[in-house]
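J.: have a look at this fold, sequence not included:
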């Protein structure tokens, strides 16, 4: 048996696959104690942990620790003169018209930073040696106060040569063996001091929290005799054995959204679709990602609460448009949806847990696009009267009926999602009309068709068990790890040889790491370079096929750069010596022994009935169907129709037709 457990902001999802049969479970998350929600999902799924050989887990623990400022008390050791890097930040304003704008607050105070007398050049040459005797005395005084649980070490230019960091870490460990130590060289070996320092500090801030959470979770698993392999999902779209999280927990920040993307890639790929836009709409937010040729876009940097984190992550854009997103009227009299969410506690009003503000799930209850008796396959009781109650005040403010108000809220949420998709498509030089939209999460298939209409997308693929696709993505993901390194190399004679040498070094390092984690078998490697014109402030990523690497010369590297630059900016032809390589990134992946299918156990009950929904300002007659009922119709089902599959509801508007393919994906085709 293989089991994936994904802890979301509102629900905790489980997918268990044994001998080809799929079991799913969905239980409310417990934000204060996410491991309780995870264990509850195992109980709800009737999982015998003694029979589980592969358990993969994704959670929001690291993200929440930063957002809620509940990480471990952390100290930062940095080079003399760089104490204020975290406070100076960058000379930019994310809200340029806010007169009261303040830069994001670091997770530590200035008094928690100790300057170390040492200096390394950008070429990795020692400028000032580390005075160990004097430093040991200062460390004893600074760290001996007992205020800290974790230490971040980020010395100037340590990405080029980390030996001072290594020695400093050994000195701290010798004096204070109970402290968690995080070196920048183990987190990110890329330049830009603010981003590197921020990443290292945040990694140290969440590491004890993740370690404690995983120890607690592992203890509960052992109590139930679990003896299989335990892996954690990462933001980069791959997983690692739990031991890997003890080295760099910051990679687990966005594990849930990343798992959803990988689940969509696997399931859509079975039907021959590789160019996708994924739409993951859960209870708290909506995450969208563009996938080209079966590979999700990868970004070298992300941020949480305004603080930058330099680590490879899937290029996912998130907006506050989930089932629990609050609908409200702003000071200018405009209707807004999100970013605030009712979350899991108390949740939307219809959950009956004390929610008092209108949410998108309540709006769907009023429109008839969610049926109370079919919510979560009829396993969760919801109260439609509560939805009417919380929408009453908002409808009076806008002088609309309850149904009109709910419909307007859903259309605003759709507009928010459209804007997010444009960020990952048109604003990246990609035409969304060339892609298949893959919606999932509890609410994604409800909104997909109207979103697709706005973007000109004509094909939608809804996976089976779409409401728990992220949990399936955990099982379908590869073991994956990245090594990055900043080395500035001007394109010219000898550049290609240097590229091959540095990639070989990174390959040896990441391969050794995999073997240390007990991952055997054949590894697959990906290569990319961050490149720019000389004088540019920022870079673009240039992917290199591993098979072509050995035969590439400087002209070949230049051609790849020009092609990538033109695709993004529509200009950029250059000659040698005008372009440079800035950073190297190598990924190593090992696929799981078996990638289980998701198209079994989705139910065979045939439901076909008449229903009414309120859509785009009017009541409409529609057909109400179970997923199995669509499969029985060879010619497909024309809209308007609602299709229920137990974990989500698919809305098929007028002008669309729904069919089922051989992988049990529902395909929606526009007649336009």
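T.: Received it, and whenever you're ready, just let me know what you need. Small disclaimer: the values here were computed from a predicted structure and weren't measured.
J.: tell me the contacts of the closest residue to residue 595 other than its chain neighbours?
T.: Leaving aside its sequence neighbours, residue 595 sits nearest to residue 476 (CB to CB, 6 or more residues apart in numbering; 5.3 Å). Backbone N, C-alpha and C define where each C-beta goes, glycine included. With contacts defined as CB atoms under 8 Å, 6 or more residues apart in numbering, residue 476 is in contact with 262, 263, 265, 266, 267, 592, 595, 596.
J.: same check on residue 35?
T.: Shown in contact with residue 35 (CB under 8 Å, 6+ apart): 213, 216, 217, 220.
J.: hmm, what's the outermost residue in the chain?
T.: residue 133 (44.2 Å; CA atoms, centre = their mean).
J.: now that one: how far from residue 227?
T.: 49 Å (CB to CB, to the nearest Å).
J.: and residue 495, by the same measure?
T.: 50 Å.
J.: residue 635 now?
T.: Residue 635 is 50 Å from residue 227, by CB to CB.
J.: now swap in residue 54 and tell me
T.: Counting by CB to CB, the gap from residue 54 to residue 227 is 12 Å.
J.: okay, those two: which has more neighbours?
T.: residue 54 (19 against 11; other CB atoms under 10 Å).
J.: tell me, how many neighbours does the residue lying closest to residue 329 once chain neighbours are set aside end up with?
T.: Nearest non-adjacent residue to residue 329, counting by CB to CB, 6+ apart: residue 397, 5.4 Å away. Using other CB under 10 Å, residue 397 is surrounded by 13 other residues.
J.: and if you look at residue 437?
T.: Other residues close to residue 437 by other CB under 10 Å number 24.
J.: thought it was touching residue 458?
T.: No. Residue 437 is beyond contact range of residue 458, at 9.3 Å (criterion: CB atoms under 8 Å).
J.: find residues that contact each of these two.
T.: Contacts common to residue 437 and residue 458, judged by CB under 8 Å, 6+ apart, are residue 452.
J.: picking up where we left off before, mind putting the contacts of residue 476 into CSV with pLDDT, neighbour count and secondary structure?
T.: Listed next are these as CSV, based on pLDDT from 0 to 100; neighbours: other CB atoms under 10 Å; DSSP: H, G, I helix; E, B strand; the rest coil:
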residue, pLDDT, neighbour count, secondary structure
262, 95, 28, helix
263, 94, 31, helix
265, 95, 23, helix
266, 92, 21, helix
267, 93, 28, helix
592, 81, 17, coil
595, 74, 17, coil
596, 72, 22, coil
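J.: and residue 25, its phi and psi?
T.: phi -150, psi 150 (degrees, to the nearest 10).
J.: so in this structure, which helix runs the longest?
T.: With secondary structure taken from DSSP state H, the chain has its longest helix at helix 193-223.
J.: quick check: angle from the helix or strand just after it to helix 193-223?
T.: Downstream of helix 193-223, the first helix or strand assigned by DSSP states H and E is strand 229-233. Angle, strand 229-233 to helix 193-223, by axes from the mean of the first three to the mean of the last three CA atoms, to 10 degrees: 150 degrees.
J.: list the buried residues of stretch 397-412.
T.: Across stretch 397-412, burial judged by 16 or more other CB atoms under 10 Å covers 400, 402, 403, 404, 405, 406, 407, 408, 409, 410, 411, 412.
J.: among these, which lie within helices?
T.: 402, 403, 404, 405, 406, 407, 408, 409, 410, 411, 412.
J.: with the residues you listed in mind, which one is nearest to residue 155?
T.: Closest approach between these and residue 155, by CB to CB: residue 412, at 48.4 Å.
J.: gap between the closest one and residue 368?
T.: Distance from residue 412 to residue 368, by CB to CB: 19 Å.
J.: just give the closest residue to residue 1, not the sequence neighbours.
T.: That would be residue 18: by CB to CB, 6+ apart, it lies 4.1 Å from residue 1.
J.: the one you found against residue 51, yeah?
T.: Yes. With contact defined as CB under 8 Å, residue 18 reaches residue 51; the gap is 7.5 Å.
J.: between these two, which has more neighbouring residues?
T.: residue 18 (17 against 13).
J.: what's the following helix or strand after the lowest-mean-pLDDT helix or strand in the chain?
T.: None of the helices or strands of the chain scores lower by mean pLDDT, DSSP states H and E than helix 546-549, at a mean of 75. Downstream of helix 546-549, the next assigned helix or strand under DSSP H and E is helix 554-569.
J.: can you pull out the helices in the stretch 251-400 of the chain?
T.: 255-270, 360-367, 384-398 (DSSP state H, counting those that start in this stretch).
J.: what about stretch 452-462, how long is it end to end?
T.: Criterion CA to CA, to the nearest Å; first-to-last residue distance in stretch 452-462 is 13 Å.
J.: in that stretch, what's buried?
T.: 452, 453, 455, 457, 458, 460, 461, 462.
J.: which elements pack onto the helix or strand harbouring residue 153?
T.: Secondary structure from DSSP H and E places residue 153 in strand 150-154. Counting contacts by 3 or more CB pairs under 8 Å, 6 or more residues apart in numbering; DSSP states H and E, strand 150-154 packs against strand 74-79, helix 163-175, strand 180-183, helix 184-187, helix 193-223.
J.: so for the longest one, mean pLDDT?
T.: Averaging the model's pLDDT scores along helix 193-223 yields 94.
J.: any idea how far the closest residue to residue 338 other than its chain neighbours lies from residue 9?
T.: Of all residues not flanking residue 338 in the chain, residue 320 sits nearest, at 2.7 Å (CB to CB, 6+ apart). According to CB to CB, residue 320 and residue 9 sit 11 Å apart.
J.: and if you look at residue 65?
T.: Taking CB to CB, one finds residue 65 at 14 Å from residue 9.
J.: comparing the two, which residue is more hemmed in?
T.: residue 65 (24 against 21).
J.: now name the helix or strand holding the more buried one.
T.: helix 61-67.
J.: contacting residues for the closest residue in space to residue 425 that isn't next to it in sequence?
T.: Once flanking residues are discounted, residue 425 sits nearest to residue 432: 4.3 Å by CB to CB, 6+ apart. Residue 432 makes contact with 277, 421, 422, 425, 426, 455, 456, 457, according to CB under 8 Å, 6+ apart.
J.: any low-confidence regions in this structure?
T.: 576, 599-605, 632-634 (pLDDT under 70).
J.: check whether residue 584 really touches residue 501, as I assumed.
T.: No. In this structure residue 584 lies outside contact range of residue 501 using CB under 8 Å: 10.4 Å.
J.: looking at these two, which is more packed in?
T.: residue 584 (23 against 10).
J.: who is that one paired with across the strands?
T.: Note on residue 584: beta-bridge partners by DSSP bridges are residue 485, residue 529.
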